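**Q** Give me a 3D structure for the following:
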Amino acid sequence: MTTLARLAELDDVRSVADEVAPELGVSTAEAARRIGRGVALTARLPTVLTLMRAGRVEAYGARRVLDVTAPLNDDHARRVDELLGERLAADSSASLLPANLARRTRRLVEKVDPEGQTARARAARRNRSFQLRPGEHAMSQFTLDAPANVAAAVKSHVDALANDLRRTDRDGRTLDQLRADVACDLLLGRNPGVSAPRAAASVFLHLPVDTALTMTDDGCELDGYGPVPGPIAREIMSDPNSIWRAVLCDPGTGRPVDLGRTRRRPTAAVRNLVAARDRECCVPWCHRPARRCDFDHDTAWHLGGHTSASNGSAKCDHHHARKDDPGWTIHHEPDTGTTTVTTPSGATHTATPEPVHEPGRLRTRKRRDPACRSTQQPGRQPARPVITALSALTPSGEERAEPAAHRTSRRATHR
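**A** Residues are numbered from 1 along each chain as shown. Predicted coordinates:
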């Protein structure tokens, strides 16, 4: 990439693309894209370029970072690159897989340019589309560009229908085949033959109470996707077709409180709490949303482990089974979210997910909404005015926010 960037300094990009395209065996358009990526890496992302030269980031991971930072101006892009380098230097064990790298970069883009993030999200929603792409072997692919919360709800709905259908299916279809058949039936207006649970197409939306009250615009995250701008999160939250419920968090750690149980199979409350807390499969390089994962006892039930959020974690089907394979060890610490994985080769990978909200943020926040002021005892949180203000945002007929004197995150379910 750097070689192409140097060539671009000597001549017009189109001329260089025409010249190198036959040498690379690609089209002129693809050659121009590669030149553009080389120029961007050299001028805007020197830290990522250094990581590539050190062999820590490969080309696809760098392209993911380039895609995330592409809408930024040069100053903002270089600032994101600088912050990314600082984060990675502070956590040398951080996974640099492309998906993890892109997610970290997305968070930093939101931090560096929050106003632009909202504008870009609105523009992307206006450009939503649905396309058919012919494939090989008499097959084709649909490409649907939709708002992340809607797409997640569609995926959850199709998954629920396919799982219900699998219980009665006599054709031996795989789950992926059932998903494809169900999706086609729905698009063609046909009944897939089963009904999904009412809350099957749920999407968790985490947001701090001060963001819900429009006091700030940061700290929002869509489960299974990543950070979203505050104004977009409030639109999802206030949609009359959405439901959002309170998840109480420990004010010192920013994590949901534990719900202990003395039964082997977790209750729906414990499953939902673990899904809201972990957000994804706890294995560092797996990003399957926790709501579509298994509840796994960190200390096995037959070894005395109890069934509660403090002894449970979200694991996808694959990694749930993998932990029992010879040579594999997966240790999860629910209090911090830290997971350590040891592979049969002896390699150890440790990662701690970034919290959805910064711990203790409400206690240090100086800005106050007038609606949150009330007469109260010294040292106590103004819980009731906050809940009263939040209740006005709750869709009519749906569940109201629970009183809490703790820092609270919100999750929204979209149908």
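**Q** In the stretch 51-200 of the chain, mark out all the helices, start to finish.
**A** Counting by DSSP state H, counting those that start in this stretch, residue ranges of the helices within the stretch 51-200 of the chain are 59-69, 74-90, 98-112, 114-126, 148-168, 175-187.
**Q** check contacts around Gly327.
**A** Gly327 makes contact with 342-345, according to CB atoms under 8 Å, 6 or more residues apart in numbering. From N, CA and C alone the C-beta is placed, and that goes for glycine too.
**Q** ends of stretch 215-228, how far apart?
**A** End-to-end distance for stretch 215-228: 16 Å, by CA to CA, to the nearest Å.
**Q** Beyond the helix or strand of the chain with the lowest mean pLDDT, next helix or strand please.
**A** Within the chain, no helix or strand scores below strand 260-261, which has a mean of 32 by mean pLDDT, DSSP states H and E. For strand 260-261, the following helix or strand on the C-terminal side (DSSP states H and E) is helix 268-278.
**Q** Just name whatever secondary elements the helix or strand that that next one is followed by is in contact with.
**A** Next helix or strand after helix 268-278 toward the C-terminus (DSSP H and E): strand 294-297. Where contact means 3 or more CB pairs under 8 Å, 6 or more residues apart in numbering; DSSP states H and E, strand 294-297 is packed against helix 268-278, strand 312-315, helix 317-322.
**Q** Neighbouring strands of the second one in the sheet, and parallel or not?
**A** Strand pairing for strand 312-315, using DSSP bridges, gives strand 294-297 (antiparallel).
**Q** hmm, who's touching the partner strand?
**A** Contacts with strand 294-297, where a contact means CB under 8 Å, 6+ apart, come from 266, 270-271, 274, 305, 307, 311-317, 320, 323.
**Q** what's the offset of that strand from the middle of its chain?
**A** Relative to the mean C-alpha coordinate of its chain, strand 294-297 is positioned 20 Å out (CA atoms, centre = their mean, to the nearest Å).
**Q** please renumber so the chain begins at 46
**A** Yep, numbering from 46; the last one is strand 339-342 now.
**Q** Alpha carbons of that strand, as CSV, please.
**A** Written as CSV, here are the backbone C-alpha positions of strand 339-342 (Å, rounded to 0.1, in the frame of the first residue of the first chain):
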residue,chain,number,x,y,z
ASP,A,339,-26.4,-20.1,25.8
PHE,A,340,-26.3,-19.4,29.5
ASP,A,341,-23.2,-21.3,30.7
HIS,A,342,-22.2,-22.0,34.4
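**Q** ok, and for that strand, which residues are buried?
**A** For strand 339-342, the neighbour count (16 or more other CB atoms under 10 Å) marks 339-342 as buried.
**Q** quick one on the thing from earlier: can you redo the helices and strands packed on strand 339-342 as TSV with distance to Gly234, mean pLDDT and mean neighbour count?
**A** Output for the helices and strands packed on strand 339-342, formatted as TSV (distance: least, CB to CB, whole Å; pLDDT from 0 to 100; neighbours: other CB atoms under 10 Å):
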stretch	distance to Gly234	mean pLDDT	mean neighbour count
helix 313-323	32	81	21
strand 357-360	35	88	27
helix 362-367	32	85	16
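**Q** could the ones you listed go into a markdown table alongside distance to Ala207?
**A** Below are the helices and strands packed on strand 339-342 laid out as a markdown table (distance: least, CB to CB, whole Å):
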| stretch | distance to Ala207 |
| --- | --- |
| helix 313-323 | 19 |
| strand 357-360 | 20 |
| helix 362-367 | 14 |
